[in-house]
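**Q** Test case, fold it:
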Amino acid sequence: MTDDEATAAAVTDGTTTDGTTTDDAVADDAVISLLVVDDHPVVRDGLRGMFESAPGFRVLGEAAGGAEALQRAAALDPDVILMDLRMPGGSGVDAIRELTRRGARAKVLVLTTYDTESDTLPAIEAGATGYLLKDAPRDDLFTAVRAAAQGRTVLSPAVASRLVSAVRAPRTPGGEPLSAREREVLALVARGTSNKEIARELFISEATVKTHLTHLYAKLGVNDRAAAVATAYDRGILG
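**A** Here you go, the predicted structure:
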């Protein structure tokens, strides 16, 4: 195994059953164009400088939030979007979901500091091609961008481990598991966190918090917060 191959915990090659690459994959020797999405200017500047100093990459633009990312992606048509998740200007997951809905050509590689299950699962489910943490070494990041441009899935070891754990997580008796976000909301409820505080913590609206609560109540067969927490502990959903 080469060094590049060892940088990711999970990689799929993006080929079809007849061995050909997908139509929108970038050729190995092509210059990969990038859109950098992060709400911190210092991070954006650092990533731009890093990629512009390396051969084979070109940074087309930057965005400070999910809403701006959608506009910039439509205007610039990059090969790969480096996407942070929790941003005041619109969440990365919502942006990824919308890019997927639009059938955008760009591959989205999440680059964030967050590796909780409530972050990783929604991002992958929304359509992200890969998921790396910001402490990834420079060469690993380059390798991951090249892989994403080719349509291959790249996950950091920590994220891959969490995804495996989520697959093995306890299910409700009815067979329908709580979603990653529902489990996150439930964990915060168990700590006595209010809906307003949950919304602030997860960068979602209070209305969305209430929707998650309604869904998890139905799955657990309860009618209020206290019963939800008690039932979750009884069934092993909360540790």
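**Q** Could I get the contacting residues of residue 228?
**A** Applying Cβ atoms under 8 Å, 6 or more residues apart in numbering, we find residue 228 in contact with 186, 189, 213, 216, 217, 220, 222. Placement of C-beta: from N, CA and C, glycine included.
**Q** Tell me the gap between the helix or strand harbouring the first one and the middle of its chain.
**A** Here residue 186 sits within helix 180-190, counting by DSSP states H and E. For helix 180-190, the distance from its own C-alpha centre to the chain's C-alpha centre is 18 Å (Cα atoms, centre = their mean, to the nearest Å).
**Q** Can you give me the buried ones in it?
**A** For helix 180-190, a neighbour-count test (16 or more other Cβ atoms under 10 Å) marks 180, 181, 182, 183, 184, 185, 186, 187, 188, 189, 190 as buried.
**Q** about what we covered before: ok, the contacts of residue 228 vs residue 75, which is closest?
**A** Comparing these against residue 75 with Cβ to Cβ places residue 213 closest, at 38.2 Å.
**Q** Need the pLDDT of the closest one.
**A** pLDDT for residue 213: 93.
**Q** surely it meets residue 227?
**A** No - if you go by Cβ atoms under 8 Å, residue 213 and residue 227 don't touch, sitting 11.6 Å apart.
**Q** who has more neighbours, the two?
**A** residue 213 (19 against 13; other Cβ atoms under 10 Å).
**Q** helix or strand for the more buried one, which one?
**A** In this assignment (DSSP H and E), residue 213 forms part of helix 206-220.
**Q** want to try a markdown table for the buried residues of helix 180-190, with distance to residue 142 and pLDDT as columns?
**A** Below are those laid out as a markdown table (distance: Cβ to Cβ, whole Å; pLDDT from 0 to 100):
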| residue | distance to residue 142 | pLDDT |
| --- | --- | --- |
| 180 | 29 | 85 |
| 181 | 32 | 89 |
| 182 | 36 | 89 |
| 183 | 34 | 89 |
| 184 | 32 | 90 |
| 185 | 36 | 92 |
| 186 | 39 | 92 |
| 187 | 36 | 91 |
| 188 | 37 | 92 |
| 189 | 41 | 92 |
| 190 | 41 | 90 |
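**Q** could the residues you listed go into a markdown table alongside distance to residue 32?
**A** Formatted as a markdown table, these follow (distance: Cβ to Cβ, whole Å):
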| residue | distance to residue 32 |
| --- | --- |
| 180 | 30 |
| 181 | 32 |
| 182 | 36 |
| 183 | 36 |
| 184 | 33 |
| 185 | 37 |
| 186 | 40 |
| 187 | 38 |
| 188 | 39 |
| 189 | 43 |
| 190 | 44 |
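**Q** would you list every one of the strands in this protein?
**A** 32-37, 57-63, 80-83, 107-112, 130-133, 154-155 (DSSP state E).
**Q** what's the most buried one of these?
**A** strand 80-83 (a mean of 28; mean count of other Cβ atoms under 10 Å).
**Q** In contact with residue 130, which residues are there?
**A** 8, 107, 108, 109, 110, 144, 147, 148, 152, 153, 154, 155.
**Q** If anything else comes up later, I'll come back, but that's it for now.
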